[in-house]
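> I need the structure of the sequence given here:
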Amino acid sequence: MNPKLSIILLVAIICLSGCGTRPYTPTEYKLRDGVIPLLSVAGDTSIINGLSETNKVRVYEFIGVNLTSNYKDITQLMVDQAKKELAKNTQTKTAGKPKTIEIQVTYLKSEYQMMWWKSELRYTAVLGGSEKIEKVVRHGSGQVIQDLNGCIADAVVDLLKDIKVVAYLAE
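Below is the predicted model of the structure:
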């Protein structure tokens, strides 16, 4: 084999070794104390995942590298973290009627922009089976996985700071 061709093939293989599709597994990004204000909660609250489909979606793509996940798993992380943060940030709990918050993440994508990643997450929260809240959350980070996980954590903060959610929990 021609030595120049061998070197070109070797360089191509090395360059392409980082390419391809990889799974993204949503992981909790810990929130520091005080990010979510203390909440008054009347009655038990169930936070549930409103998604059942596990179709793969791309949450990141750049120069041949793709990260895929599904919105059910992403929503589940948001649900789990919201439950944890609600328990941690409940200041007063009184008797009241049971409540449900159904969450559905409908979009999550991170984009690379000049040595920085910026993500966007869109979610819907249904309070008590009737009132629907649709929100968009943005996050930025110097690392793509932290950007995605941080965006989910920011969505939890956004949910538990929302004026309608705060009022619903207290009623």
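> quick one: what helix or strand has the most centrally placed residue in the chain in it?
The chain has residue 152 as the residue nearest its centroid, 2.5 Å off, counting by C-alpha atoms, centre = their mean. With secondary structure defined by DSSP states H and E, residue 152 is part of helix 144-161.
> make sure residue 81 is indeed in a helix.
Yes - the assignment for residue 81 by DSSP: H, G, I helix; E, B strand; the rest coil puts it in a helix.
> got any ranges where the protein has weak pLDDT?
1-19 (pLDDT under 70).
> helices of that one, residue ranges please.
Here the chain has its helices, by DSSP state H, at 3-16, 71-88, 144-161, 163-170.
> which of these sits most buried?
helix 144-161 (a mean of 22; mean count of other C-beta atoms under 10 Å). Where you see a C-beta, it was placed from the backbone N, CA and C, and this is true even at glycine.
> what sits against the residue lying closest to residue 132 once chain neighbours are set aside?
Leaving out its chain neighbours, the residue that sits closest to residue 132 by C-beta to C-beta, 6 or more residues apart in numbering is residue 126, at 5.2 Å. Applying C-beta atoms under 8 Å, 6 or more residues apart in numbering, one finds that residue 126 lies in contact with 50, 100, 101, 102, 104, 132, 133.
> of those residues, keep whichever come out buried.
Those of the contacts of residue 126 that meet the buried threshold are 50, 101, 102, 104, 133, by 16 or more other C-beta atoms under 10 Å.
> test my guess that residue 135 contacts residue 122.
Yes - judged on C-beta atoms under 8 Å, residue 135 makes contact with residue 122 at a distance of 7.1 Å.
> okay but residue 51 is in contact with residue 105, surely?
Yes - using C-beta under 8 Å, residue 51 makes contact with residue 105 at a distance of 7.3 Å.
> which residues do these two both contact?
The contact sets of residue 51 and residue 105 overlap at 71, 75 (C-beta under 8 Å, 6+ apart).
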